[in-house]
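> Provided below for reference: sequence and predicted model.
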Amino acid sequence: VPPPPPGPPVFTGTKLVYDDAHPWMPARPGDMRGPCPGLNTLAAHGYLPRNGIASPSQIITAVQEGFNMNGQAARVATYIGHILEGNLLTDLLSIGGKTRLTGPDPPGASVAGLSNHGTFEGDSSMTRGDNFFGNHIAFNKDLFDQFVEFSNKYGGGFYNLTVAAELRAQRIQQSIATNPNFKFLGLRQLTAYGESVLPINLFVDGRKTGAEKGQLDMDTALSFFRDFRFPKGFFRAAEPGGAQGIQDVFAARPFQPGRNVDGVNTFVVDHSLGSLANFCGIYTQLVNTTVRAAYPDPKGVLRRNLNLNLDYLYTMVGSTNCPQVFPYGRD
Ligand code: HEM
Ligand code: MG
């Protein structure tokens, strides 16, 4: 039975996380790595199993321990990823591509790992290209150069909230203008804006205070985005964090959800899968449309585990104004 999400750790302050117990090691042949620099780093340091295969509980524990991610953000990301691309029978998710290491798939299920394009992974990432251009996983040097250029131009050499807004706008405009398949619907709008602020909240050393807080230097950025490695002596964030600042970034450069409908530069706004401004819509459509399409008629243990994981996901909402959806009935 999939266990409920682990709670917060006892100590939630800053501490050395690149310690003797968590040496960095390069991925071995067969180790899975994917589109998330945060999870890749945790696997490379052994906070997650180094093969890149983990249960939701292991992921939630690791992001809290290694990065001081807050429980709410940890549960949202983890259960969305697991329900869409994990193995709901073995309770294992690949942080990279599809692999037999997650065990035999439930009949008809995707179980393709976080690298699978179009469910969680999406377009207009900061340092990875769009799937249309052939590689949406590997570190992209040109895109990182643009990350540095924007940090120089708008942040005095650091990535901060001002840079995040300008770069988010730039990446969306680049996708609109060059990717005929550009998709930026509800969940992706949320994750794209969210991922824009994660480096500010979680990649900056937790000992930084005052004017240095929330300012990510380029050596540190490269260490995480390219090498999946904590800088030497890195201390995690000083308080539990996640998407703080997302509303500032959106307010500065607001892009509505939508997609290119007929080639490049044919972007049409589309709120059918919710939007940042309508979080309940994202949750409701995710469960009612996306999950239901992935699992039209689950039976037995699969149905039970889907329902449990959907209960755990619903803790992301935490509001009675957004009722829980039960596509498979209540147990
Ligand atoms: C991107 C999953 C935690 C930082 C992504 C992507 C996925 C993902 C699927 C690819 C989206 C895309 O850009 O197309 C998850 C899951 C997590 C998690 C399931 C579990 C809690 C974290 C943590 C951090 C982080 C703890 C930071 C410490 C990022 C960043 C990106 C990203 C910065 C954007 C990369 C870019 O745009 O180039 N994550 N993530 N994530 N993640 Fe995570
Ligand atoms: Mg992407």
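That came through, no problem. Ligands and ions are numbered 1, 2, ... in the order given.

> and the closest residue to Q215 other than its chain neighbours, how many residues sit next to it?
Leaving out its chain neighbours, the residue that sits closest to Q215 by CB to CB, 6 or more residues apart in numbering is F158, at 3.9 Å. For the C-beta atoms, the positions are set from N, CA and C on the backbone; glycine is no exception. Neighbour count of F158, defined by other CB atoms under 10 Å: 20.

> return the set of residues that bridge with F158.
Applying DSSP bridges to F158 gives these bridge partners: D217.

> so which residues of the chain form strands?
53-54, 93-94, 158-159, 183-184, 216-217, 258-260, 267-269 (DSSP state E).

> export those strands as JSON lines, with columns for mean pLDDT and distance to ligand 1.
Below are the strands of the chain laid out as JSON lines (pLDDT from 0 to 100; distance: least, CB to the nearest ligand atom, whole Å):
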{"stretch": "strand 53-54", "mean pLDDT": "99", "distance to ligand 1": "10"}
{"stretch": "strand 93-94", "mean pLDDT": "99", "distance to ligand 1": "8"}
{"stretch": "strand 158-159", "mean pLDDT": "98", "distance to ligand 1": "10"}
{"stretch": "strand 183-184", "mean pLDDT": "98", "distance to ligand 1": "11"}
{"stretch": "strand 216-217", "mean pLDDT": "98", "distance to ligand 1": "10"}
{"stretch": "strand 258-260", "mean pLDDT": "98", "distance to ligand 1": "15"}
{"stretch": "strand 267-269", "mean pLDDT": "98", "distance to ligand 1": "18"}
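
> hey, which of those is tucked in deepest?
strand 93-94 (a mean of 28; mean count of other CB atoms under 10 Å).

> list of residues touching that strand?
32, 34, 52-56, 59, 81-82, 85-87, 101-102, 112-115 (CB atoms under 8 Å, 6 or more residues apart in numbering).

> the residues you listed also near ligand 2: which ones?
Checked against ligand 2 using CB under 5 Å from the ion, the contacts of strand 93-94 give no members in range.

> for the stretch 1-150 of the chain, which segments count as helices?
Under the criterion DSSP state H, counting those that start in this stretch, helices of the stretch 1-150 of the chain are mapped to 37-44, 56-67, 71-85, 141-155.

> not counting residues beside it along the chain, what's closest to the residue of the chain found nearest ligand 1?
Closest approach between the chain and ligand 1, counting by CB to the nearest ligand atom: G38, at 2.3 Å. Distances taken as CB to CB, 6+ apart place F67 nearest to G38, at 6.2 Å, with adjacent residues excluded.

> do you know how far the one you found is from I176?
32 Å (CB to CB, to the nearest Å).

> between these two, who's got more neighbours?
Under the neighbour definition other CB under 10 Å, F67 and I176 were set side by side, and F67 has more, 27 against 20.

> list the residues that contact that one.
Contacts of F67 (CB under 8 Å, 6+ apart): V17, G38, L42, L202, R236, A237.

> hmm, back to that, deepest-packed of the helices of the stretch 1-150 of the chain, please.
helix 37-44 (a mean of 26).

> count the residues that sit near L185.
Using other CB under 10 Å: L185 sits among 21 other residues.

> and if you look at the one 10 residues further on?
Applying other CB under 10 Å, we find 23 residues neighbouring E195.

> surely it and S125 touch.
Yes - E195 is within contact range of S125, at 7.3 Å (criterion: CB atoms under 8 Å).

> only alpha carbons, please: show stretch 145-155 as PDB.
Extracted as PDB, the C-alpha positions of stretch 145-155 are listed here (Å, rounded to 0.1, in the frame of the first residue of the first chain):
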ATOM      1  CA  ASP A 145      24.500  31.400 -22.300                       C
ATOM      2  CA  GLN A 146      21.200  33.200 -22.600                       C
ATOM      3  CA  PHE A 147      20.500  32.600 -18.900                       C
ATOM      4  CA  VAL A 148      23.900  34.200 -18.100                       C
ATOM      5  CA  GLU A 149      23.300  37.100 -20.600                       C
ATOM      6  CA  PHE A 150      19.900  37.900 -19.000                       C
ATOM      7  CA  SER A 151      21.400  37.600 -15.500                       C
ATOM      8  CA  ASN A 152      24.100  40.100 -16.600                       C
ATOM      9  CA  LYS A 153      21.700  42.500 -18.300                       C
ATOM     10  CA  TYR A 154      18.900  42.500 -15.600                       C
ATOM     11  CA  GLY A 155      20.500  41.200 -12.500                       C
END
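
> thanks a lot, catch you later.
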